[in-house]
Each structure stands twice: as structure tokens, then as C-alpha cells.
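> sequence and computational prediction follow.
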Amino acid sequence: MNLDHTHDPLARSWLASANAPGADFPLQNLPYAVFRRAGSTEPWRGGVALGDQVVDLAALAAGTLLEGVAAQGARACAGDALNDFLALGRPAWRALRHALFALLRQDAPATAQAAVRALLVPLADVEYRVPTRIGDYTDFYTSIHHARNVGRVIRPDNPLTPNFQWLPIAYHGRASSVVVSGTPFRRPWGQALPPGAPTPSFGPCKRLDYELEMGFYVGPGNAQGEPVPLTQAEDHIFGMCLLNDWSARDHQFWEMNPLGPFLGKNFCTSISPWIVTMEALAPYRVPFAHPADEPQPLSYLDGAANRAEGGIDVRLEVLLNTAQHRARGAAPHRLSATSFRHQYWTVAQMLTQHTVGGCNLQTGDLLGTGTISGPTPEEAGAIVELSAGGRQPIAISGSGETRTFLEDGDTVVLRGWCEAPGRARIGFGECRGEVLPALASVT
Ligand code: MN
């Protein structure tokens with residue numbers, strides 16, 4: 001990943017809100033979403049965030065400010081999903097990034113500034129939808145700290161399964177129940193085996209959890225039977241989002257042997273609306289390595305570029321905003337914070353593993369990283385870890401409550417951002433979801 005002038009931390013936009021310290025969407029970020037004015041019947045279309053505004057790419061594509069590959073890219077963003085743009089691949093993604101940067105920078109020609117200003121829509125006025133047509137959604141399981149923490153709950157004598165350190169493991173999830181941030185969902189019903197009970201019971205989930213994850217979107221796909229080598233994996237990755245893999249632990253732990261998660265995971269997955277591109281993340285790449293005394297990746301999962309900069313330092317945090325917080329006007333409780341850099345496998349290794357047997361990924365597919373838990377207990381990315389499987393209630397600041405699992409009315413907010421000395425801070429915005437009460441009956 002080469003850095004260029006679009007990563008210059010000193011670059012400024014003519015839009016003042018993009019230059020504000022701590023802004024998620026400065027000139028160096030330029031993330032993509034699908035939006036329209038909230039409550040309107042406007043067509044959904046692609047947009048790029050800048051400061052507190054959205055650049056309407058359908059409107060931009062209809063004008064004459066762009067040309068060549070960049071114009072082709074903007075036209076591919078004008079519809080109600082970004083698949084056509086993602087399919088174009090890195091040359092088009094880079095051309096549009098560079099063209100937008102030129103139009104939005106402080107020293108852009110005054111006529112261009114005025115023309116772009118006329119097609120901005122305030123972020124505060126918009127609503128979002130899932131930004132691609134997701135054909136398939138796969139969720140990985142690539143934090144060794146999460147695997148050990150959860151493994152201790154399920155299998156105290158043998159927390160880490162023997163495959164974990166050899167391959168990025170995953171399950172195939174449901175694309176149909178992926179929702180955009182802000183969409184509430186009902187507490188699911190399902191079957192669980194209560195501790196010590198001889199037979200399972202059927203009812204609303206009693207152990208509802210969140211999972212702090214990131215997602216990444218597939219750009220150009222691969223043909224069935226043609227694996228993507230590790231050296232080419234990132235050519236197939238457009239960008240990343242925040243992802244919450246809501247989990248019904250009581251249902252999950254009863255049903256998932258021997259085939260894996262089913263109803264425990266398939267009722268809802270939330271994603272942040274904005275996709276931060278791999279280009280924008282380039283300044284935050286970090287080396288990848290397994291500890292020297294642990295299994296090293298097999299050759300098809302190993303490579304010089306992946307070792308040098310396979311990781312990404314994305315700071316992440318989880319906030320809990322309960323009904324009590326809202327009633328009292330209290331600040332949300334921060335459940336945990338960590339970084340994506342601690343993950344045991346990289347996004348390139350995940351994509352290559354997914355295809356190595358011949359599976360074809362398709363443009364717009366969503367791949368989740370699995371829960372992101374850091375090395376210390378406070379960095380755990382799920383409440384089942386923080387509460388030690390429900391045995392240790394967590395004190396919630398601001399409301400005087402405790403939690404072992406999520407309750408009705410709880411809103412979980414994921415946030416992500418990158419920052420480091422000498423580099424422009426960029427943010428992901430947030431991924432928010434509220435737990436609604438279960439249906440009174442499902443029969
Ligand atoms: Mn998950």
C-alpha cells in the first residue's frame with residue numbers, strides 16, 4: 001500500500017467541518033455509503049462523507065466536474081447499491097478518490113468549490129441503507145483472545161480448538177438479516193438447554209450478547225474453482241465497516257454442536273453505513289506475525305507483504321446506552337476498547353482462506369472478522385467475556401445498573417477510528433442497534 005498526496009496529514013478542505021480536530025470524515029478519509037434524505041422518497045444513491053456533509057455522487061456524476069475513469073466510477077455509484085463501483089476494482093477506486101480529493105481540497109478552483117457545495121447534503125438530514133447487495137455473508141472467528149475467553153466458558157479444560165492457530169475459521173451467515181446502523185431488532189426466541197436441565201426449553205433469549213467486529217466488502221469477485229492467492233487478496237477488498245454480530249448465547253451454545261451457529265446468530269447483524277476504503281486505511285497498516293513459539297502460517301497463508309503490513313491499527317470501542325441512561329440524560333457506559341491490530345489473522349488471509357478450496361466470492365459480499373478482543377480482560381469484545389459467562393455482573397456507570405447480558409431497551413454503539421502521530425485521523429462513524437422486547441408468543 002503506497003501512500004500519496006491524499007494521505008498528507010496537512011491537507012485541508014474548503015469545507016471547515018472536515019478540518020475540525022477529531023472529525024471522523026476529513027479530506028483524507030472519503031468513505032462511501034448509500035443514502036437519501038431521511039423520511040423522503042428520494043432515490044437511494046451513493047455518497048461520500050466529508051466533515052458534516054455527504055457529497056451526492058449521483059448528482060456529481062450527472063455534472064461535468066469529473067472525467068475519464070473517475071467519472072465512470074461516480075456513475076457506478078449513482079444507483080441504490082455500490083456493487084457496480086466495487087466491481088470496477090482498484091484503478092477506478094483510486095481514480096475517484098484522487099478526483100474527489102482534488103475537488104474538495106482547500107485550493108480547488110472556486111468554480112469547482114461552488115459546484116460541489118451545491119450538491120452537499122447535511123449528514124444530520126440523511127438516512128442509510130445497507131450499501132451493497134450482499135449475496136453472501138461469512139463471519140470469521142479470528143481473535144485468539146476472544147477464542148480463549150469464550151472457549152473457557154464452553155470447554156474449560158480445552159479453551160482453544162486445535163484448528164484455530166492453523167487457519168482462519170468461519171461460518172456462513174445470513175445476508176438477509178444484515179441491517180444498517182440504527183435499525184432496532186426483537187429479542188429472538190429459540191431453544192436452549194438451561195444449566196442442569198434434562199431437556200431444552202423454548203422461549204425468548206436469556207443470554208443476549210453483542211460482538212464487536214469489523215466487516216469488509218468484496219470488490220471484484222473470483223471465478224468458482226479459481227482461488228485468490230494471498231498476494232492478490234487485497235485487490236479483492238474494497239473497504240471496511242463496523243459490524244455487530246448480535247448473538248443469542250443460550251440458543252447458540254445448545255444448537256451449534258456439531259455444525260456451528262444457526263439461530264443463535266441469524267436473527268440480526270448490524271453494520272455501520274460508511275465503508276472506509278483500504279486506500280484510506282493505508283497509513284495505518286502494521287506488521288503481522290504469530291508469536292515465534294506458536295504455529296506459523298502454512299505457505300499459502302504466508303507472504304512478505306502480509307508480514308510487513310497485513311495488520312491494521314483500527315481503534316475500537318463499545319458503548320452501552322440503556323433505557324435508564326436515556327431517562328436520566330446520563331452518558332453511555334464504555335464496556336471496552338481495543339484495536340483490530342491484535343487479530344490473529346489478517347483480512348488478506350481470511351479472503352484467501354475463503355477461496356482456497358474454489359469457493360467464488362461475489363462483488364458486494366460481506367465478510368466479518370469475528371469478535372475483536374484484545375490481550376487484556378478489559379479489551380474483550382463481547383459481554384459473555386466481560387461477565388465471565390454471566391457469572392460476574394458488570395457495574396454500569398451513569399445508571400447504577402448491572403449487566404450480565406443485554407436487556408430490553410439496551411442500545412449498543414460501536415465506534416472505530418485510526419490515529420497516530422504524523423498521520424491524519426480518520427473515523428468509521430458508529431454502528432448502533434437497540435434491543436426491542438421479544439414477541440409475546442411465536443405460536
Ligand atoms: Mn461473530
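Okay, I see it.
> for this structure, which residue gets nearest to the ion?
residue 245 (3.4 Å; C-beta to the ion). No exception for glycine: its C-beta is placed from N, CA and C like everyone else's.
> and the spatially closest residue to residue 234 that is not a sequence neighbour, how close does it get to residue 243?
Leaving out its chain neighbours, the residue that sits closest to residue 234 by C-beta to C-beta, 6 or more residues apart in numbering is residue 348, at 5.4 Å. Distance check for residue 348 against residue 243: by C-beta to C-beta, to the nearest Å, it reads 18 Å.
> for residue 21, same thing?
27 Å.
> quick one, which of these two is more surrounded?
Comparing residue 21 with residue 243 by other C-beta atoms under 10 Å, the one with more neighbours is residue 243, at 27 against 6.
> the more buried one - that's part of a strand, no?
Yes. The assignment for residue 243 (DSSP: H, G, I helix; E, B strand; the rest coil) places it in a strand.
> show the pLDDT at it.
If you check residue 243, the pLDDT there is 99.
> what sits against it?
Under the criterion of C-beta atoms under 8 Å, 6 or more residues apart in numbering, the neighbours of residue 243 are 213, 214, 215, 269, 270, 271, 272, 366, 368, 369, 414, 431.
> ok, residue 60 next?
Going by C-beta under 8 Å, 6+ apart, residue 60 touches 66, 74, 116, 119.
> now, of those residues, which are buried?
The neighbour count (16 or more other C-beta atoms under 10 Å) marks 66, 74, 116, 119 as buried among these.
> can you redo those as a markdown table with pLDDT?
A markdown table is the format used below for the buried ones among the contacts of residue 60 (pLDDT from 0 to 100):
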| residue | pLDDT |
| --- | --- |
| 66 | 98 |
| 74 | 98 |
| 116 | 98 |
| 119 | 96 |
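> close to the ion: what parts of the stretch 1-150 of the chain are there?
Neighbours of the ion within the stretch 1-150 of the chain, by C-beta under 5 Å from the ion: residue 139.
> can you map out the strands along the stretch 1-150 of the chain?
According to DSSP state E, counting those that start in this stretch, the stretch 1-150 of the chain carries its strands in the segments 32-37, 45-50, 53-56, 120-122, 126-129, 137-141.
> the longest helix anywhere in the chain packs against which elements?
Using DSSP state H, we find that the single longest helix of the chain is helix 90-104. In terms of contacts (3 or more C-beta pairs under 8 Å, 6 or more residues apart in numbering; DSSP states H and E), helix 90-104 is packed against helix 68-76, helix 83-88, helix 110-117, helix 278-281.
> 7 Å - rerun?
Under the contact criterion of 3 or more C-beta pairs under 7 Å, 6 or more residues apart in numbering; DSSP states H and E, helix 90-104 touches helix 68-76, helix 110-117, helix 278-281.
> output the shortest one in CSV with nothing but the alpha carbons.
Read that as helix 278-281. The C-alpha atoms that make up helix 278-281 are tabulated as CSV, following Å, rounded to 0.1, in the frame of the first residue of the first chain:
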residue,chain,number,x,y,z
MET,A,278,-8.4,0.3,2.0
GLU,A,279,-6.8,3.3,0.4
ALA,A,280,-7.8,5.5,3.3
LEU,A,281,-6.6,2.9,5.8
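> immediately after that helix, which helix or strand?
With elements assigned by DSSP states H and E, the helix or strand that comes after helix 278-281 is strand 285-286.
> got the contact list for the nearest residue to residue 205 once chain neighbours are set aside?
Leaving aside its chain neighbours, residue 205 sits nearest to residue 248 (4.0 Å; criterion: C-beta to C-beta, 6+ apart). Residues in contact with residue 248 (C-beta atoms under 7 Å, 6 or more residues apart in numbering) are 188, 190, 205, 207, 208, 263, 264.
> and if you look at residue 209?
247, 249, 382, 383, 384, 405, 406.
> in strands, which of these fall?
Taking DSSP state E, the ones among the contacts of residue 209 that sit in strands are residue 247.
> quick one: average pLDDT of stretch 166-186?
pLDDT averaged over stretch 166-186 gives 98.
> got the buried residues for that stretch?
Across stretch 166-186, burial judged by 16+ other C-beta under 10 Å covers 167-171, 173-175, 178-183, 185.
> just checking that stretch against the ion, any contact.
No. Judged by C-beta under 5 Å from the ion, stretch 166-186 makes no contact with the ion; its nearest approach is 8.2 Å.
> could the contacts of residue 248 go into TSV alongside secondary structure and distance to residue 159?
Conversion of those to TSV gives the following (DSSP: H, G, I helix; E, B strand; the rest coil; distance: C-beta to C-beta, whole Å):
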residue	secondary structure	distance to residue 159
188	coil	26
190	strand	25
205	coil	24
207	coil	19
208	strand	23
263	coil	24
264	coil	19
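> for the residues you listed, give me a markdown table that also has distance to residue 160 and neighbour count.
Formatted as a markdown table, those follow (distance: C-beta to C-beta, whole Å; neighbours: other C-beta atoms under 10 Å):
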| residue | distance to residue 160 | neighbour count |
| --- | --- | --- |
| 188 | 28 | 21 |
| 190 | 27 | 21 |
| 205 | 26 | 26 |
| 207 | 22 | 21 |
| 208 | 25 | 23 |
| 263 | 25 | 17 |
| 264 | 20 | 25 |
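> ok, which of those residues also contact the ion?
Among the contacts of residue 248, no residue sits close to the ion (C-beta under 5 Å from the ion).
> what's the most distant pair in the buried residues of stretch 166-186?
Largest separation among the buried residues of stretch 166-186 by C-beta to C-beta: 167 and 182, giving 35.0 Å.
> quick one: average pLDDT of stretch 263-277?
98.
> chain center to that stretch, what's the gap?
With C-alpha atoms, centre = their mean, to the nearest Å as the basis, stretch 263-277 stands 7 Å off its chain's centre.
> put the alpha carbons of it into CSV.
Extracted C-alpha coordinates of stretch 263-277, given in CSV (Å, rounded to 0.1, in the frame of the first residue of the first chain):
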residue,chain,number,x,y,z
LEU,A,263,-30.5,-19.3,15.1
GLY,A,264,-28.1,-18.0,17.8
LYS,A,265,-26.7,-15.7,15.1
ASN,A,266,-29.1,-15.4,12.2
PHE,A,267,-31.7,-13.0,13.6
CYS,A,268,-29.7,-9.8,13.1
THR,A,269,-26.3,-8.4,12.1
SER,A,270,-25.8,-4.6,12.2
ILE,A,271,-23.3,-2.7,10.1
SER,A,272,-22.1,0.9,10.1
PRO,A,273,-23.3,2.8,7.0
TRP,A,274,-19.9,4.1,5.9
ILE,A,275,-17.3,1.9,4.2
VAL,A,276,-13.8,3.2,4.8
THR,A,277,-11.7,2.3,1.8
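> and the angle for the longest helix of the chain with strand 45-50?
60 degrees (axes from the mean of the first three to the mean of the last three C-alpha atoms, to 10 degrees).
> and the angle for helix 90-104 with helix 110-117?
Angle, helix 90-104 to helix 110-117, by the same axes, to 10 degrees: 110 degrees.
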